[in-house]
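Visitor: Here is a sequence together with a model predicted from it:
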Amino acid sequence: MPLVVHNIPAFTDNYIWLFHQQGDTDAILVDPGDSTPVIEALEQLGLQLHAIIVTHHHPDHVGGIDRLLQKFSVPVYGPMGVPQVTYIMKDGDTLNLGGTSFEVLAVPGHTLDHLAYFSDSEPLVFCGDTLFAAGCGRLFEGTPEQMWASLSRLAALPTNTKIFCTHEYTEANIKFALAVEPDNSLLQQRSRQVAQQRKQLQPTLPSILSEELSTNPFLRANQKSIKDAAERHCGHPTTSETEVFSVIRQWKDSF
Ligand SMILES: [Zn+2]
């Protein structure tokens, strides 16, 4: 059965994902930072909340859980350290929910507890604030080494994997990506496509891993064009992919 994934906009630029098997009304929620839009969506779509999945502890990903649990008695799957979690998930675990099997990947960097949930049957990944469309999360807790390793794990998933990240940052991310790689024609093409989608107020997510591999500078720190741009920016040679990644992450922070 194919999965149906609904996108629930929250706050200014978050997406809460709600999915279920086609024809089934038991729905699973990913990263409910807010409860009000979730409750509205469940009513509108005629779905029953079955479980909650959490990627990391930030308030815009967990802030709605308490109120949802007052209304619905459902299990919460996520990292240790999120107090509402009833089933602690860690790297290598398998999670079977709503007829879909997910592999749990530890992807530290944005936070130390960050998890991603990958299903190879679709394939798709709920990756929170680790990999964004044309970007990646800020390093609040982890090191560049950790984040580069996490992004490299996501980069190794099947190239047709749909990327369900949690923020609509794509347009701003592409502006930065073009500053790093102005001559990347696939990136230029993506820029035009995303500008068109946003003009029509359409979400730019999910993206596809193959387009991230060809246009996302943070997945391309192993490419010569990104290494050259990083060295021009920092003014000295780099000696590793991690260093290239670190330079462009810092460049983006002050962009
Ligand atoms: Zn976060």
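Guide: It's in. Residues are numbered from 1 along each chain as shown.
Visitor: quick one: contacts for the most centrally placed residue in the chain?
Guide: Central residue of the chain (Cα atoms, centre = their mean): residue 165, 2.5 Å from the mean position. By Cβ atoms under 8 Å, 6 or more residues apart in numbering, the contact list for residue 165 reads 15, 127-133, 205-207. C-betas here are computed from N, CA, C, even on glycine.
Visitor: near the ion too, which of the residues you listed?
Guide: Restricting these to those adjacent to the ion (criterion: Cβ under 5 Å from the ion) gives residue 129.
Visitor: just the strands in this structure please.
Guide: 3-10, 14-21, 26-30, 48-53, 76-78, 87-88, 94-97, 100-106, 115-119, 124-128, 131-132, 135-136, 162-165, 207-208 (DSSP state E).
Visitor: need those strands in JSON lines with mean pLDDT, can you?
Guide: Formatted as JSON lines, the strands of the chain follow (pLDDT from 0 to 100):
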{"stretch": "strand 3-10", "mean pLDDT": "96"}
{"stretch": "strand 14-21", "mean pLDDT": "97"}
{"stretch": "strand 26-30", "mean pLDDT": "97"}
{"stretch": "strand 48-53", "mean pLDDT": "98"}
{"stretch": "strand 76-78", "mean pLDDT": "98"}
{"stretch": "strand 87-88", "mean pLDDT": "98"}
{"stretch": "strand 94-97", "mean pLDDT": "96"}
{"stretch": "strand 100-106", "mean pLDDT": "97"}
{"stretch": "strand 115-119", "mean pLDDT": "98"}
{"stretch": "strand 124-128", "mean pLDDT": "98"}
{"stretch": "strand 131-132", "mean pLDDT": "98"}
{"stretch": "strand 135-136", "mean pLDDT": "98"}
{"stretch": "strand 162-165", "mean pLDDT": "98"}
{"stretch": "strand 207-208", "mean pLDDT": "98"}
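Visitor: Which one, of these, ends up nearest to residue 251?
Guide: strand 135-136 (12.1 Å; Cβ to Cβ).
Visitor: neighbours around the residue in the stretch 151-255 of the chain that the ion sits nearest to, how many?
Guide: Of all residues in the stretch 151-255 of the chain, the one sitting closest to the ion is residue 166 (7.5 Å; Cβ to the ion). By other Cβ atoms under 10 Å, 27 other residues sit near residue 166.
Visitor: go on, residue 55?
Guide: For residue 55, the neighbour count with other Cβ under 10 Å is 28.
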